[in-house]
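Q: Pasting a predicted model and its sequence here:
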Amino acid sequence: MKASRTVATEKKEGDATPVVEVVAVEFNYGKPRVLDGLSLAVAEGMSFGLLGPNGAGKTTLIRMLVGLLRPLKGTVRVLGEVPSPRVTGRIGYMPQFPALYGELTVAHNVDFFARMYGMGDGRRQRVEEALRLVGLWERRGDAVLHLSGGMRQRLSLACALVHRPPLLILDEPTVGLDPELRATFWDYFHQLTAQGNTIVISSHTMDDAAHCDELAFLRAGRVIAQGSPTQLRQATGREAATLEEAFLHFVRRG
Amino acid sequence: MSVERTLAIAQRIITQILRDHRTMALILIVPTMVMTLVGLSFYEQKAVLNFAAPAILGAFVMFFVFILTGVSFLRERMQGTLERLLATPVSRGDVLVGYLAGFLLFAAVQSLLVVLFLLLVLQISYQGALWHILLFVMVMAMASVNMGIFFSTFANNEFQVMQFIPMVMGPQLFLAGVLLPVEQMPEYLQIISRFLPLTYAIRGLRKIMLEGQGLGGVATELSILAGFAVLMLALAAMAVRRS
């Protein structure tokens, strides 16, 4: 395993145990390696972006973090534990493609996930809060089949955060959202991290990347650089460099 | 195991199917239509129909239920909703028992339709108690629901799951005593028939409906079918494990 280049070395106070810790993980579905000695750590209370082109291994890593896949080599710890049903109750997971029940109403979908997360009688209020937050409370009685793509994306987010998890793991949550909605999502993510929650978000757009406290650039199943957006930009040696240029800079350095 | 989660899953499946009006209509119409054709084809031969009724009942219930659950469960996997569910604290046991309970309701409706059509519309003469027949059919349906879930875990698309229907049902129709008594088949085929649930379904139903035996008389067949149901559920749980 080649060591990944870590730009950020400074640590916030009180984050001795990372919320997410991935060490030298390898994985493949068939022949080519999807994750190739990938390591990273996410401290508590930050928004952490996994950034990379299609096929870089983002979704595979995320599926591993929520316990759907196990690494062939290396270790994955989330909230201090190996991902299992015990820990997934404290994770809010939003898959890349909304996995919703089309025939059910908007409210029924969120309520169903609230029950899966073991929420009892108090869940009615939380379902309402989650739906208001994503702007779907007025559509609560509609069948999901009748929602637009963006609305399904929002509903999928409501299902992920209905149980107030301390850790949100979101796989490309802003794909297909209009700029206004994207801004709304990010406002909310900033609120969550300000309250001490942690968000891991995958994306291939630099617009999302700029919002993150810290980024990991992924390429061919490895982390090629990790740091804050500013640190990564400065690493190119040019003040005015964009994140896209920073990404290319690290790709070329290999 | 969590009863609350299992119930939530069963309720969710039931609501989904109830809200899908076309599927609901097909669930009701298809068995009725097939049984009408059976009735018309045996119109002049009541005695033959009386004898064939247990085999017809067993084969059709297994057939309808297997298709219903096999295809529905595949849809859960293809739409990513099963995977999404497995990323929550739910256990595989909760998920599978929830699916079983949800599908079983519709399997019961279809089974009841076939039984009542045979008894009330075609007016076959039978021995044994009606509730014995119904209870036996429900255990059979449960075995078939779980078989549908299990086989569906091996299919990656609709085309593949459709191939499983003749693969699973074909041998049972020919070897389980539907067309030819098991005893008249070559010995090696008789050995195979011992591993097919439909063999026990038909044997048990014949004992109740033709010989008038009670539940005590079909205890062996009932136990084998119940055991088969549990085995299929356990195998399905292993097959959908979190990678």
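A: Everything's here; your move.

Q: and the longest helix for chain B?
A: helix B:46-78 (DSSP state H).

Q: After that one, heading C-terminal, what element do we hit next?
A: helix B:81-86 (DSSP states H and E).

Q: chain center to that following helix: distance?
A: The chain centre lies 25 Å from the centre of helix B:81-86; the measure is Cα atoms, centre = their mean, to the nearest Å.

Q: Any part of that helix near chain A?
A: Yes: on the criterion Cβ under 8 Å from any Cβ of the partner chain, helix B:81-86 is in touch with chain A at B:81, B:83-86. Yep, even glycine has a C-beta here, placed from its N, CA and C like the rest.

Q: remind me which residues of the stretch 51-200 of chain A are low pLDDT?
A: Residues of the stretch 51-200 of chain A meeting the criterion pLDDT under 70: none.

Q: actually chain B, not the one I typed
A: Across chain B (using pLDDT under 70), the flagged ranges come out as B:241-243.

Q: quick one, strands of it?
A: Read by DSSP state E, chain B holds no strands at all.

Q: Break down it into its helices, ranges please.
A: For chain B, the helices defined by DSSP H cover B:3-19, B:21-41, B:46-78, B:81-86, B:92-116, B:130-152, B:158-175, B:187-193, B:197-209, B:219-239.

Q: for chain A, same thing?
A: A:58-65, A:85-88, A:106-116, A:123-133, A:149-161, A:179-194, A:206-211, A:229-234, A:243-253.

Q: Can you add mean neighbour count and give those back as a markdown table?
A: Putting the helices of chain A into a markdown table (neighbours: other Cβ atoms under 10 Å in any protein chain shown) gives the following:
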| stretch | mean neighbour count |
| --- | --- |
| helix A:58-65 | 24 |
| helix A:85-88 | 19 |
| helix A:106-116 | 25 |
| helix A:123-133 | 17 |
| helix A:149-161 | 22 |
| helix A:179-194 | 15 |
| helix A:206-211 | 18 |
| helix A:229-234 | 19 |
| helix A:243-253 | 17 |
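
Q: Which residue ranges make up each domain of chain A?
A: A:20-90+A:166-253, A:100-164 (automatic domain parsing).

Q: hang on, residue A:149 packs against residue A:176?
A: Yes: the pair residue A:149 and residue A:176 passes the contact test of Cβ atoms under 8 Å, sitting 5.3 Å apart.

Q: Just list the residues touching residue 95, thanks.
A: If you meant another chain, say so; for now it's chain A. A:156, A:171, B:80, B:83-84, B:87 (Cβ atoms under 8 Å, 6 or more residues apart in numbering or on different chains).

Q: that's the wrong chain, I wanted chain B
A: B:9, B:82, B:85-86, B:240.

Q: What is the neighbour count of the residue nearest to residue B:172 when sequence neighbours are not counted?
A: Distances taken as Cβ to Cβ, 6 or more residues apart in numbering or on different chains put residue B:198 closest to residue B:172, at 4.0 Å, once the chain neighbours are dropped. Counted with other Cβ atoms under 10 Å in any protein chain shown, residues neighbouring residue B:198 total 27.

Q: Residue B:198 reaches residue B:60, doesn't it?
A: No: using Cβ under 8 Å, residue B:198 makes no contact with residue B:60, being 10.7 Å away.

Q: tell me which parts of chain A are close to chain B?
A: Proximity of chain A to chain B is confined to A:66-70, A:85-86, A:88-89, A:91, A:93, A:95, A:97, A:99-101, A:103-104, A:108, A:112-113, A:115-118, A:143 under the rule Cβ under 8 Å from any Cβ.

Q: One more pass at 7 Å, please.
A: Residues of chain A lying close to chain B by Cβ under 7 Å from any Cβ of the partner chain are A:66-70, A:85, A:88-89, A:93, A:95, A:97, A:99, A:101, A:103-104, A:112-113, A:115-118.

Q: Chain A contacts on chain B?
A: Going by Cβ under 7 Å from any Cβ, the residues of chain B near chain A are B:4-5, B:8, B:12, B:15-16, B:19-20, B:79-81, B:83-91, B:242-243.

Q: What residues does the residue nearest to residue B:172 make contact with?
A: Counting by Cβ atoms under 7 Å, 6 or more residues apart in numbering or on different chains, residue B:198 touches B:58-59, B:62, B:172, B:176.

Q: count of neighbours near the nearest residue to residue B:147 once chain neighbours are set aside?
A: Nearest non-adjacent residue to residue B:147, counting by Cβ to Cβ, 6+ apart: residue B:232, 5.0 Å away. For residue B:232, the count of nearby residues is 23 (other Cβ under 10 Å).

Q: how many other residues sit next to residue B:216?
A: Neighbour count of residue B:216, defined by other Cβ under 10 Å: 7.

Q: now do residue B:120
A: Counted with other Cβ under 10 Å, residues neighbouring residue B:120 total 9.

Q: what separates it from residue B:135, distance-wise?
A: Residue B:120 sits 18 Å away from residue B:135, going by Cβ to Cβ, to the nearest Å.

Q: now do residue B:156
A: 36 Å.

Q: ditto for residue B:141
A: Distance from residue B:141 to residue B:135, by Cβ to Cβ: 11 Å.

Q: my guess is residue A:201 meets residue A:170, correct?
A: Yes: using Cβ atoms under 7 Å, residue A:201 makes contact with residue A:170 at a distance of 4.7 Å.

Q: For the residue nearest to residue A:171 when sequence neighbours are not counted, give me its contacts.
A: Among residues not flanking residue A:171 along the chain, residue A:96 sits closest, at 4.2 Å (Cβ to Cβ, 6+ apart). When contacts are counted by Cβ under 7 Å, 6+ apart, residue A:96 touches A:59, A:171-172.

Q: how far away is residue A:96 from residue A:136?
A: For residue A:96, the distance to residue A:136 (Cβ to Cβ) stands at 20 Å.

Q: and if you look at residue B:195?
A: Counting by Cβ to Cβ, the gap from residue B:195 to residue A:136 is 51 Å.

Q: Between these two, which is the more surrounded one?
A: A count of neighbours by other Cβ under 10 Å puts residue A:136 above the other of residue B:195 and residue A:136, at 22 against 10.

Q: Buried residues, stretch B:205-223. List them.
A: For stretch B:205-223, burial by neighbour count (16 or more other Cβ atoms under 10 Å in any protein chain shown) applies to B:205-210, B:213, B:217-218, B:221-222.

Q: neighbours around the closest residue to residue A:53 other than its chain neighbours, how many?
A: In this structure, residue A:53 finds its nearest non-sequential neighbour in residue A:204, 6.0 Å apart by Cβ to Cβ, 6+ apart. Per other Cβ under 10 Å, the neighbour tally for residue A:204 reads 16.

Q: And the residue of the stretch 151-254 of chain A that's closest to chain B?
A: Nearest to chain B, among the residues of the stretch 151-254 of chain A, is residue A:159, at 8.2 Å (Cβ to the nearest Cβ).

Q: Report the contact partners of that residue.
A: Counting by Cβ under 7 Å, 6+ apart, the residues that residue A:159 touches are A:109-110, A:113.

Q: Of these, which is the nearest to residue A:38?
A: Residue A:38 lies nearest to residue A:113 out of the contacts of residue A:159, by Cβ to Cβ, at 28.9 Å.
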